[in-house]
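Peer 1: Got a predicted structure here, sequence first:
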Amino acid sequence: MALFGGKRTSSHHFEIMTQREGRWLLDSTVGTELDGLGREPTTREVQKAEENAVSRAKSLLATGDFQAVKVVCETTGVFGHKSNKEVFSQVSTVKRGERLVPQAYKGDVPLCATPDDLTRRPSCRVIGTVYRDLLNKYGLIAIELVHFYPHLRRLEEQSMLLQAGLRGIAERQAEGTDRPVKERLNQLQDLTRKAIDRARDAMAERRLPPFADADLDGLLARLAQRFQGDDVRYFAVIVMARELMGAPSQLARLDLALRALPQAHEADAVGLLDEVVAGCLDMSGIVMELVGHQPSLAEAMAVLSELGNGSFWPARGGNAMGGQVASHIREGRLIWAKQSIWDRVLREVGSGSPLIKAEPRREWAETQRMIDVLGAAAPEAYRERILRKLAARLERLRQRE
């Protein structure tokens, strides 16, 4: 039940429950309270909340991590009377998959001093690589993972994955320094524990305003009436994560950000959406959706370079959302997203994969073509490194002849 200016309103909350080893646990909650709007939820809004909760439950069941799932609707009447009704339940028929393992991150790893540092783009960039298998399994992006406790709990439950990933990060941070890996690992474990505790405490905030009409400026303004400093941004991400509960894919995250960007004018809103888009572009599946199928790695790199400098057009065979991303990059609104794209180009160029696998005899010519194409398109911060890697490719080809 909520009170808006003295007026009582009813509420509906859909609790998503998971069963493991015979025990039922609360995973998360989808609500319909319209904090700050001063009205009852419509029938369609209640139906949408139920659909999101059921979709979320089905997604959890599909992972194979749970024996069963159910959704329970808790209704609070105008005068405070509560009732519960089970609206969905299903038993798993999926077998457990292979054990998830952390991926190596080969770039520079920032040093985090506070739990809030873990939620920022430099850290999420690393987390998105190290825990890529987990993110892909649940259809998440890194910024969601580090803010939303139901997601963090999954990482926490995969203790071997969590600790192996932290050790890999600690080893990377300790390279070239006299600091012991164990010291850095202990610090990372402490920061991670504090971040998980913070996310768990944030779950108690049940009356957060909705992300109405994808208006992030408005959401941040309403949150600023209740919170201060970094907490405003923190809870904004939690509200978006709740909005996306039950969304079927990582692509839905990008769609939400792209719907919000045209109406975002405040620097904080644009910056946060930039981080969300960048997190989406860290995921290979999303990038493949945007640029479409390309006949060779060389063509894929050429299309990616167009996306990265804002000249991409969906007629090249990609998704229409790729054109939207390119437009915002061209306008200078997606700084982190642009960096994510060029990071990928740099990695692919430096990989051992042939640029044109189907026609090995053309590898030399394609490498020279990429020197021209990427040399002209790459930002100054990336150009020299990309050209060095392409020159190394030519040298390897020369040595094989």
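Peer 2: Perfect, thanks for sending it.
Peer 1: contact partners of stretch 17-37?
Peer 2: Contacts of stretch 17-37 from elsewhere in the structure, counted by Cβ atoms under 8 Å, 6 or more residues apart in numbering, are 2, 4, 9, 11-16, 40-41, 45-46, 49-50, 52-53, 56, 60, 65-72, 150, 206-210, 212, 222, 242, 245-246. Glycine gets a C-beta too; all of them are placed from N, C-alpha and C.
Peer 1: Looking at the residues you listed, which are in helices?
Peer 2: 45-46, 49-50, 52-53, 56, 60, 150, 222, 242 (DSSP state H).
Peer 1: give me the low-pLDDT residue ranges for the stretch 251-400 of the chain?
Peer 2: 315-318 (pLDDT under 70).
Peer 1: now the helices for it?
Peer 2: Here the stretch 251-400 of the chain has its helices, by DSSP state H, counting those that start in this stretch, at 251-260, 267-281, 284-291, 297-309, 320-330, 335-350, 363-377, 380-400.
Peer 1: Could you take these and lay them out as TSV, with extra columns for distance to residue 108?
Peer 2: Converted to TSV, those look like this (distance: least, Cβ to Cβ, whole Å):
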stretch	distance to residue 108
helix 251-260	25
helix 267-281	16
helix 284-291	21
helix 297-309	20
helix 320-330	23
helix 335-350	11
helix 363-377	22
helix 380-400	13
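Peer 1: For residue 233, find the nearest of those.
Peer 2: When the helices of the stretch 251-400 of the chain are ranked by proximity to residue 233, the top entry is helix 267-281, at 6.2 Å, counting by Cβ to Cβ.
Peer 1: tell me the angle of that closest one relative to helix 320-330?
Peer 2: Here helix 267-281 runs at an angle of 130 degrees relative to helix 320-330 (axes from the mean of the first three to the mean of the last three Cα atoms, to 10 degrees).
Peer 1: Tell me which other helices or strands helix 267-281 touches.
Peer 2: Secondary-structure packing of helix 267-281 (3 or more Cβ pairs under 8 Å, 6 or more residues apart in numbering; DSSP states H and E): helix 121-130, helix 142-145, helix 216-224, helix 230-243, helix 251-260, helix 284-291, helix 320-330, helix 335-350.
Peer 1: give me that answer again for 6 Å
Peer 2: When contacts are defined as 3 or more Cβ pairs under 6 Å, 6 or more residues apart in numbering; DSSP states H and E, helix 267-281 packs onto helix 142-145, helix 216-224, helix 251-260, helix 335-350.
Peer 1: So which bits of that helix are buried?
Peer 2: Within helix 267-281, the residues that count as buried by 16 or more other Cβ atoms under 10 Å are 269-270, 272-281.
Peer 1: which SS class is residue 147?
Peer 2: Secondary structure, DSSP: H, G, I helix; E, B strand; the rest coil: residue 147 is coil.
Peer 1: Report the separation between the residue nearest to it when sequence neighbours are not counted and residue 313.
Peer 2: Nearest residue to residue 147, sequence neighbours excluded (Cβ to Cβ, 6 or more residues apart in numbering): residue 237, at 4.3 Å. For residue 237, the distance to residue 313 equals 31 Å [Cβ to Cβ, to the nearest Å].
Peer 1: Please apply the same query to residue 63.
Peer 2: 37 Å.
Peer 1: and if you look at residue 222?
Peer 2: The gap separating residue 222 from residue 313 is 37 Å, by Cβ to Cβ.
Peer 1: for residue 87, what are its contacts?
Peer 2: Contacts for residue 87 (Cβ atoms under 6 Å, 6 or more residues apart in numbering) come out as 71, 73.
Peer 1: Any buried residues in the helix or strand where it lies, and which?
Peer 2: In this structure, residue 87 sits in strand 82-91 according to DSSP states H and E. For strand 82-91, the neighbour count (16+ other Cβ under 10 Å) marks residue 88 as buried.
Peer 1: next one: stretch 285-295
Peer 2: Going by neighbour count (16+ other Cβ under 10 Å), the buried part of stretch 285-295 is 286-287, 289-291, 294.
Peer 1: Pop out the phi and psi values for the residue minimising distance to the centre of the chain.
Peer 2: Nearest to the mean C-alpha position of the chain, counting by Cα atoms, centre = their mean, stands residue 141 at 1.6 Å. Residue 141 adopts backbone torsions of phi -120, psi 160, taken as degrees, to the nearest 10.
Peer 1: So it sits against residue 252, correct?
Peer 2: No. Counting by Cβ atoms under 6 Å, residue 141 does not reach residue 252; the two are 10.3 Å apart.
Peer 1: Tell me how far residue 143 lies from residue 312.
Peer 2: Between residue 143 and residue 312 the computed distance is 23 Å (Cβ to Cβ).
Peer 1: Now do the same contact list for residue 174.
Peer 2: Contacts of residue 174 (Cβ under 6 Å, 6+ apart): 181, 184.
Peer 1: could you check the distance from it over to residue 292?
Peer 2: Distance, residue 174 to residue 292, using Cβ to Cβ: 41 Å.
Peer 1: for residue 323, same thing?
Peer 2: Applying Cβ to Cβ, the value for residue 323 to residue 292 is 12 Å.
Peer 1: quick one: the strands in the stretch 51-200 of the chain?
Peer 2: In the stretch 51-200 of the chain, the strands defined using DSSP state E, counting those that start in this stretch lie at 68-76, 82-91.
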